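Enquirer: here's my sequence, what's the structure:
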Amino acid sequence: MTRLSGLALILLAIVPVVGCGSNQSAAPPQQTPSALLPVATMPKIDSQKVLDHIKVLSSDEYEGRAPGTKGEELAVKYIEEQFNQLKLKPGNPDGTFIQKVPLVGITGKEAKPLTMAKGASKKAFKWSDEVVAWTKHVADGASVADSDVVFAGYGVEAPEFNWNDFKDVDIKGKTILVLVNDPAVPDPADPSRLDPKTFKGDAMTYYGRWTYKFEEGARKGAAAIFVIHETGPAGYPFSVVQGNLREKFDLVTPDKNMSRASIEGWITLDAAKKILALGGQDFDTLKKQARTREFKPVPLGLKASIAIKNTLRTIDSQNVVAKLDGSDPSLKDQYVVYSAHWDHLGIGAPVNGDKIYNGALDNASGVATVLEIARAFTQIQPQPKRSVLFLMVTAEEQGLLGSQYYATTPLYPLNKTVANINIDGVNQWGRTKDLTVVGMGASDLDDYLKAAADEQGRVLRPDPEPEKGFYYRSDHFNFAKQGVPALDPDSGTDFVGKDPAYGKSKRDEYTEKNYHAPSDEVKPDWDLSGAVDDAELLLAVGYRVANADKMPDWKPGNEFKAKRDESLKK
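Expert: Here you go, the predicted structure:
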């Protein structure tokens, strides 16, 4: 789970809100009368039932719900039991509630250090301190030897922005160095700011995500890809990158991930400067060039070598999915998907004598809320025209793997999947006058959400830190990446009857003391009334989308719209 930082909460005080009458959101598409069932008349979300689910899933008995453990077995069994009690149908067409997710745990160690050579001159870089690298190949290890080294700017090819960092340069078998984040293109009208028409200015697009850099490099045949770490553009220090040296799970693909680059990794800024200097280049000069469309890859005249040895273990983890059949024969083969991740971190290093990372907020609360929304759907009248899936995914904490597996191996066609609504943590501190929408303005789903929020007398707030790319860091993103309009709601911060600083203080308290810690447990001061308000909004959005006369779409210019348009032609 990744959510807004303390800085974000400070910024929330100065970003605009979207309320009734705002010109920032259009009305939802024309809908049938059943779609316009008022929020107030829909089945109520029961806060006690939500809390009861959280208490079970985050209990010590569930051992932190890590994939491949007793905690997974218990969590999956509990979710199945709840689906059965609600008389929902098994979501897998094979007649079960389970979609198996093949995972491989990979622990990589340095076999040979990263070495850059220019003729007789060689320089080796220190593992962990200067270079963090791995291979996703499901093999004993991987290596590159005497690979030509190329600086490839930001490593981006984005036709919609008329941008191609690779031009016609062949990088097959080569080692590429790329900058983190989107190309930082100055605004022609004000060079002190970023151009809002190119990569959305201050907002991060998917091209800025480090995961994209590895994907694009692999598509072009690179042998090794190294992202140059800079704390500002990355949004976190190099110590966070060093966490990749622990065992990491990944999906087992049919080709055992051999289509990925042999080596992926990060290097520190100082290491990058040394490498570029060895190649007769200056980092600042190249970075400035990389901010232009005219940039071309720069061969460095160096040879790179590195080898990594793997320790592997494979498991079959599980997504859990249930289905509520749509009531309209012509629309029931289209699907609205609610999702949440059931996994957390399991048993880990003790903190104050506690070694169970319970994950109450992150994300037992999301699973509990989706279960309650599912209960409401079984009671709502008239029943939705489209079908509704309730999908609880595995391995979010390992890199959104369960949702990635569903989105790339869907149980139902994605061009028939009309929307995804993902819940990753809920508000446990009381009612708010607002709701934060990460990536607001991306799709028609925001219009549905605004209409429902208007009925509650609440307003929507946009993500105040779009440059951090939070929209790309939770399970909904894997649906978006495949073209499915996806909604990423987050808690509001303007608490009813509370001091303006209350929201920030509670979020800071959670972040500093409980996030990814054994202390993420149900607290005596929890007040789920705000979570109930939010859940009732999300129930209304899904219900109205399930009954709408047309499918929601991405807004013009969104980076996922082309993928959606292409899929709908099939």
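Enquirer: is it true that residue 111 touches residue 309?
Expert: Yes - taking contacts as CB atoms under 8 Å, residue 111 lies within contact range of residue 309: 4.4 Å. (C-beta placed from N, C-alpha, C; glycine too.)
Enquirer: low-confidence regions, the stretch 451-570 of the chain specifically.
Expert: In the predicted model of the stretch 451-570 of the chain, no residue satisfies pLDDT under 70.
Enquirer: which parts of it are strands?
Expert: 459-462, 486-490 (DSSP state E, counting those that start in this stretch).
Enquirer: can you redo those strands as TSV with distance to residue 280?
Expert: As requested, the strands of the stretch 451-570 of the chain are arranged in TSV below (distance: least, CB to CB, whole Å):
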stretch	distance to residue 280
strand 459-462	45
strand 486-490	45
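Enquirer: export the ones you listed to CSV and append columns for mean neighbour count.
Expert: Output for the strands of the stretch 451-570 of the chain, formatted as CSV (neighbours: other CB atoms under 10 Å):
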stretch, mean neighbour count
strand 459-462, 22
strand 486-490, 27
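Enquirer: surely residue 431 meets residue 529?
Expert: Yes - if you go by CB under 8 Å, residue 431 and residue 529 touch, sitting 5.0 Å apart.
Enquirer: can you give me phi and psi for residue 304?
Expert: Taking degrees, to the nearest 10, you get phi -100, psi 140 for the backbone angles of residue 304.
Enquirer: again, but for the one 3 residues further on
Expert: Dihedral angles of residue 307 (phi, psi; degrees, to the nearest 10) stand at phi -140, psi 140.
Enquirer: ok, the one 3 residues further on next?
Expert: Residue 310 adopts backbone torsions of phi -110, psi 150, taken as degrees, to the nearest 10.
Enquirer: any idea how far residue 275 is from the residue at the greatest distance from the centre of the chain?
Expert: Most distant residue from the mean C-alpha position of the chain: residue 120, 44.6 Å away (CA atoms, centre = their mean). According to CB to CB, to the nearest Å, residue 120 stands 17 Å off from residue 275.
Enquirer: ok, now residue 335?
Expert: To residue 275, residue 335 is 48 Å away according to CB to CB.
Enquirer: hang on, the earlier thing: more neighbours, residue 431 and residue 529?
Expert: Using other CB atoms under 10 Å as the criterion, residue 431 and residue 529 rank with residue 431 on top: 21 against 14.
Enquirer: show me the contacts for that one.
Expert: For residue 431, the contacting residues are 495, 496, 529, 530, 533, by CB atoms under 8 Å, 6 or more residues apart in numbering.
Enquirer: 10 Å - rerun?
Expert: Taking CB atoms under 10 Å, 6 or more residues apart in numbering, we find residue 431 in contact with 456, 458, 492, 494-498, 527-534.
Enquirer: of these, closest to residue 130?
Expert: Relative to residue 130, the closest of the contacts of residue 431 is residue 492; by CB to CB it sits at 42.3 Å.
Enquirer: neighbours of that closest one, how many?
Expert: By other CB under 10 Å, the residues close to residue 492 number 27.
Enquirer: that one contacts residue 502, doesn't it?
Expert: No - under the criterion of CB atoms under 10 Å, residue 492 is not in contact with residue 502, lying 11.5 Å apart.
Enquirer: so what sits against both of these two?
Expert: Taking CB under 10 Å, 6+ apart as the criterion, residue 492 and residue 502 both touch 429, 430.
Enquirer: now the strands for the stretch 101-250 of the chain?
Expert: For the stretch 101-250 of the chain, the strands defined by DSSP E, counting those that start in this stretch occupy 121-125, 131-134, 141-151, 157-158, 163-164, 175-179, 186-187, 190-194, 224-228, 248-251.
Enquirer: I'd like the ones you listed as TSV, with distance to residue 367 appended.
Expert: Below are the strands of the stretch 101-250 of the chain laid out as TSV (distance: least, CB to CB, whole Å):
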stretch	distance to residue 367
strand 121-125	42
strand 131-134	30
strand 141-151	36
strand 157-158	36
strand 163-164	40
strand 175-179	37
strand 186-187	43
strand 190-194	38
strand 224-228	33
strand 248-251	19
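Enquirer: nearest to residue 386 among these would be which one?
Expert: strand 248-251 (28.6 Å).
Enquirer: tell me the angle of the top helix by length along the chain relative to strand 486-490?
Expert: Looking across the chain with DSSP state H, the single longest helix is helix 529-547. Using axes from the mean of the first three to the mean of the last three CA atoms, to 10 degrees, the direction of helix 529-547 lies 170 degrees away from that of strand 486-490.
Enquirer: output helix 529-547 as CSV, nothing but the C-alphas.
Expert: Written as CSV, here are the backbone C-alpha positions of helix 529-547 (Å, rounded to 0.1, in the frame of the first residue of the first chain):
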residue,chain,number,x,y,z
SER,A,529,-18.2,6.3,10.3
GLY,A,530,-16.1,8.0,7.7
ALA,A,531,-15.2,4.7,6.1
VAL,A,532,-18.9,3.9,5.9
ASP,A,533,-19.6,7.2,4.1
ASP,A,534,-16.8,6.4,1.6
ALA,A,535,-18.0,2.8,1.1
GLU,A,536,-21.6,4.0,0.3
LEU,A,537,-20.2,6.4,-2.3
LEU,A,538,-18.2,3.6,-3.9
LEU,A,539,-21.3,1.3,-3.8
ALA,A,540,-23.2,4.0,-5.6
VAL,A,541,-20.5,4.4,-8.3
GLY,A,542,-20.3,0.7,-9.0
TYR,A,543,-24.1,0.3,-9.1
ARG,A,544,-24.6,3.2,-11.4
VAL,A,545,-21.9,2.1,-13.7
ALA,A,546,-23.4,-1.4,-13.7
ASN,A,547,-26.7,0.2,-14.9
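Enquirer: sorry, back to before: list the contacts for the residue farthest from the centre of the chain?
Expert: Per CB under 10 Å, 6+ apart, neighbours of residue 120: none.
Enquirer: check what pLDDT it gets.
Expert: pLDDT recorded at residue 120 is 90.
Enquirer: distance of it from residue 68?
Expert: 49 Å.
Enquirer: what do you get for residue 514?
Expert: 24 Å.
Enquirer: more neighbours, the two?
Expert: Regarding residue 514 and residue 68, a neighbour count based on other CB under 10 Å identifies residue 68 as having more, with 20 against 17.
Enquirer: the nearest residue to residue 122 once chain neighbours are set aside and residue 306, how far apart?
Expert: Excluding the flanking residues, the one nearest residue 122 by CB to CB, 6 or more residues apart in numbering is residue 115, at 5.7 Å. Separation of residue 115 from residue 306 (CB to CB) stands at 7 Å.
Enquirer: what's the answer for residue 219, then?
Expert: Applying CB to CB to residue 219 and residue 306 gives a distance of 21 Å.
Enquirer: residue 84 too?
Expert: According to CB to CB, residue 84 and residue 306 sit 51 Å apart.
Enquirer: the two: who's more crowded?
Expert: Set residue 84 next to residue 306 and count neighbours by other CB under 10 Å: residue 306 wins out with 29 against 12.
Enquirer: spit out the contact partners of the more buried one.
Expert: Contacts of residue 306 (CB under 10 Å, 6+ apart): 110-116, 124-125, 127, 131, 133, 135, 142-145, 147, 175, 223-224, 226, 262-263, 265.
Enquirer: show the pLDDT at residue 128.
Expert: 96.
Enquirer: please apply the same query to residue 438.
Expert: We have a pLDDT of 92 for residue 438.
Enquirer: could you look up the next helix or strand downstream of the lowest-mean-pLDDT helix or strand in the chain?
Expert: Of the helices and strands making up the chain, the lowest-confidence element is helix 6-11, at a mean of 36, by mean pLDDT, DSSP states H and E. Later in the chain than helix 6-11, the nearest helix or strand by DSSP states H and E is helix 47-57.
Enquirer: which helices and strands sit right next to the following helix or strand past that following helix?
Expert: Counting by DSSP H and E, the next helix or strand C-terminal to helix 47-57 is helix 70-85. Counting contacts by 3 or more CB pairs under 10 Å, 6 or more residues apart in numbering; DSSP states H and E, helix 70-85 packs against helix 47-57, strand 89-90, strand 298-324, strand 346-351, helix 365-379, strand 387-393.
Enquirer: the first one: how far from the chain's middle?
Expert: If I follow you right, that is helix 47-57. Helix 47-57 sits 25 Å away from the centroid of its parent chain (CA atoms, centre = their mean, to the nearest Å).
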